[in-house]
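Novice: With the sequence up front, the predicted model follows.
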Amino acid sequence: MKPAAEIKIAIVSGAFWEEIVTNLEKHCLTTLEKKGINKENIKIVRVPGSFEIPLMVKTMAKQKKYDAIITFGAIHKGKTYHFELIANECARACMSLGLEHEVPVIFEVLAVYNIEDAYDRSTQTKDNRGVEAANAAYKMIEAMSGV
């Protein structure tokens, strides 16, 4: 595996539910920096919402300069089928892009029935999805470098 200081990571976040996404990014960045990844090697891009995340992931994956791409967002179930459409298509597209471009795409777009669950997962120290995303990205980079 290349030295941690040389690892490059992209973070693509949906801007909807900004406080949740900002907290996820903050915890992710802290964890990546603790692992020795230089802040200058982490690129954060915000898109309008979760449905727009896959297009940006594709754009960044095609550049072949990132060792992993982390996605953050929050989708809250309302009274319509919109929740299912966005959550399912975003997840499917991110998985497909990771496979197509052979880059780990870490999916932490939180699809919740109660928005408080997303706040909990973005702010608490236990089970924080920002921390989990950083750890998963690092472990995938490590695993893929060994094959």
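Specialist: Arrived safely.

Novice: elements contacting the longest helix seen in the chain?
Specialist: With DSSP state H applied, the helix covering the greatest number of residues in the chain is identified as helix 82-101. For helix 82-101, the packing partners by 3 or more CB pairs under 8 Å, 6 or more residues apart in numbering; DSSP states H and E come out as helix 53-62, strand 68-76, strand 105-112. (Each C-beta comes from the backbone N, C-alpha and C, glycine too.)

Novice: Flag the shaky bits of the protein, pLDDT-wise.
Specialist: Counting by pLDDT under 70, the chain contains no low-confidence range.

Novice: buried ones in stretch 30-42?
Specialist: The neighbour-count criterion (16 or more other CB atoms under 10 Å) identifies Thr31, Leu32, Ile37, Asn41, Ile42 as the buried residues of stretch 30-42.

Novice: Please list the residues outside that stretch that contact it.
Specialist: Taking CB atoms under 8 Å, 6 or more residues apart in numbering as the criterion, the residues outside stretch 30-42 that touch it are 3-11, 29, 130-131, 134-135, 137-138.

Novice: Let's see that with 6 Å instead.
Specialist: Contact partners of stretch 30-42, identified using CB atoms under 6 Å, 6 or more residues apart in numbering, comprise Ala4, Ala5, Ile7, Lys8, Ile9, Val131, Ala134, Tyr138.

Novice: So which of the residues you listed wins on neighbours?
Specialist: If you count neighbours using other CB atoms under 10 Å, the busiest of the contacts of stretch 30-42 is Ala134, which has 29 neighbours.

Novice: Thanks a lot, catch you later.
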